[in-house]
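Chemist: Just to be clear, the model below is a prediction. Sequence and coordinates:
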Amino acid sequence: MLDVRKLLWGRSTSWWRRTTVAIASLVSAVLAAALMLSSEVAQASYPGANGVIAWESFVFEYGDAYGCGGCASDRVRTASSTIASCDFSSAAQSCLFGEPSYSPDGRRMVLARLVPTDVSADSGDEGAPVVVGGGGERMLARQTVDDRDPAFLHSGNALVFDGRTSPGGQVNLFTLGTSGTGLRQLTRSGGSQPAPCANGTIAFVKHHDIYLLSANRRSQRRVTFRGGDDPSCAPDSSRIAFVRNGDLYTIASDGTRLHRLTFKATSHFPSSRAYSPTYSPDGREIGFLAAYDAPQQNGSQVALELVNLRGHHVRPNRVIADTAFSNGSYVASNSAGIAWQPRPNAAAAVLERRWGNPTRRQHNRVARDLRTT
């Protein structure tokens, strides 16, 4: 598959997950209008209502058909709006967004951003902090030499991310207040791709397996033993979705009841590879991206897929990235990942007051009572 970033900067990065790119900064975007949320409830507790799905989309165009000799842009968007954007009009403005992540109340989004120091260089992954734009977006200063994969903790007032304390050093987990203060290192023996859980634990990747960091941050427990990447916690913290060898799996947080949901990777595209799984806020579906070759257009595509907890598709797939070559012109695009916005609902508000961390049975009972009153 075409690696667009190698064309731009002369270096190769994984096109389904940018795990080797040094991120310059964390951007906490306050996007109340774009995220379309009510102000009734401050926190979306399990199980919240399903909001919009956002995805990062990088596009590179070249040739007469597009009117430029190499135009590139990066967007974080939903089906109806653009949340953040950046155009590659000059080296100083060049940038890349990472996988987005919503806050627990769905009102904010955090993502990583890279700005290469030398677009023409064949080396160097360092960057510099650059403000994404106005409209309430806020840049946090870079905390390590390589800040990546930021996500909100369930409290909503702190972030977890992975980074390196020295160039080429080991990647570990860190937390930081949303104000940009209070940096704390959580792991010392490695850790990346953090996925916060509602019960305070954090799923993450170490040595190509899934681990779970305890809520008091004092212990780690290995969850998988045959590989795993891209973890995502279920809203009730009972299970973890992850990717193994290009397919989607779920497993109980105690390491039991492994369940395979896709088989290379979907029935729509048998040769595709799954990545960036994300549980729906109501806990009933899992969204993920599937990357696959598209020989009919001499290119490749990335599709957004939605499956239930048994792996059955619940909605038609949506192609969100497309690479095609034709008569000397081409367009190449890919996506770093998706985020599913949680939205508070009436049942969640009642449960928050009654139980704090409700079970599915408690939620269903309250929802049924609300429908009959």
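Modeler: Okay, I see it.
Chemist: so where's the stretch 151-300 of the chain shaky on pLDDT?
Modeler: Along the stretch 151-300 of the chain, segments meeting pLDDT under 70 span 265-271, 297.
Chemist: Please enumerate the strands of it.
Modeler: Counting by DSSP state E, counting those that start in this stretch, residue ranges of the strands within the stretch 151-300 of the chain are 158-163, 172-177, 184-185, 192-196, 202-206, 209-213, 220-222, 229-233, 239-244, 247-252, 259-260, 273-279, 285-294, 299-308.
Chemist: and the angle from the second one to strand 158-163?
Modeler: Strand 172-177 and strand 158-163 meet at an angle of 150 degrees, taking axes from the mean of the first three to the mean of the last three CA atoms, to 10 degrees as the criterion.
Chemist: Which one of the strands of the stretch 151-300 of the chain lies nearest to residue 71?
Modeler: Each of these has some distance to residue 71 by CB to CB; the shortest is strand 299-308, at 17.3 Å. For the C-beta atoms, the positions are set from N, CA and C on the backbone; glycine is no exception.
Chemist: by contact count, what packs against the closest one?
Modeler: Secondary-structure packing of strand 299-308 (3 or more CB pairs under 8 Å, 6 or more residues apart in numbering; DSSP states H and E): strand 285-294, strand 318-326, strand 329-334.
Chemist: Kindly reformat the strands of the stretch 151-300 of the chain as TSV containing mean neighbour count.
Modeler: Listed next are the strands of the stretch 151-300 of the chain as TSV, based on neighbours: other CB atoms under 10 Å:
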stretch	mean neighbour count
strand 158-163	24
strand 172-177	20
strand 184-185	13
strand 192-196	24
strand 202-206	24
strand 209-213	23
strand 220-222	14
strand 229-233	24
strand 239-244	24
strand 247-252	21
strand 259-260	13
strand 273-279	25
strand 285-294	22
strand 299-308	21
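Chemist: Figure out which of these is closest to residue 79.
Modeler: So among those, strand 299-308 is nearest, using CB to CB, at 9.5 Å.
Chemist: related to what we said a few turns ago, distance to residue 79 for the strands of the stretch 151-300 of the chain - can I get that in a markdown table?
Modeler: Formatted as a markdown table, those follow (distance: least, CB to CB, whole Å):
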| stretch | distance to residue 79 |
| --- | --- |
| strand 158-163 | 26 |
| strand 172-177 | 31 |
| strand 184-185 | 37 |
| strand 192-196 | 24 |
| strand 202-206 | 28 |
| strand 209-213 | 30 |
| strand 220-222 | 38 |
| strand 229-233 | 21 |
| strand 239-244 | 22 |
| strand 247-252 | 22 |
| strand 259-260 | 29 |
| strand 273-279 | 15 |
| strand 285-294 | 13 |
| strand 299-308 | 9 |
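Chemist: what about the residue nearest to residue 79 when sequence neighbours are not counted, how many neighbours?
Modeler: Leaving aside its chain neighbours, residue 79 sits nearest to residue 52 (7.0 Å; criterion: CB to CB, 6 or more residues apart in numbering). Neighbour count of residue 52, defined by other CB atoms under 10 Å: 19.
Chemist: So residue 52 is in contact with residue 78, correct?
Modeler: Yes: with contact defined as CB atoms under 8 Å, residue 52 counts as touching residue 78 (4.4 Å).
Chemist: Relative to residue 215, how far out is residue 201?
Modeler: 5 Å (CB to CB, to the nearest Å).
Chemist: quick one: which of the two has more around it?
Modeler: More crowded of residue 201 and residue 215, by other CB under 10 Å: residue 201, with 22 against 14.
Chemist: quick one, phi psi at that one?
Modeler: phi -80, psi 170 (degrees, to the nearest 10).
Chemist: ok and the strand ranked longest in the chain relative to strand 299-308, angle-wise?
Modeler: If you go by DSSP state E, the chain has its longest strand at strand 49-63. Inter-element angle recorded for strand 49-63 and strand 299-308: 180 degrees (by the same axes, to 10 degrees).
Chemist: Which neighbouring elements make contact with strand 49-63?
Modeler: Against strand 49-63 (3+ CB pairs under 8 Å, 6+ apart) you get helix 4-9, strand 68-77, strand 96-97, strand 285-294, strand 318-326, strand 329-334, strand 338-343.
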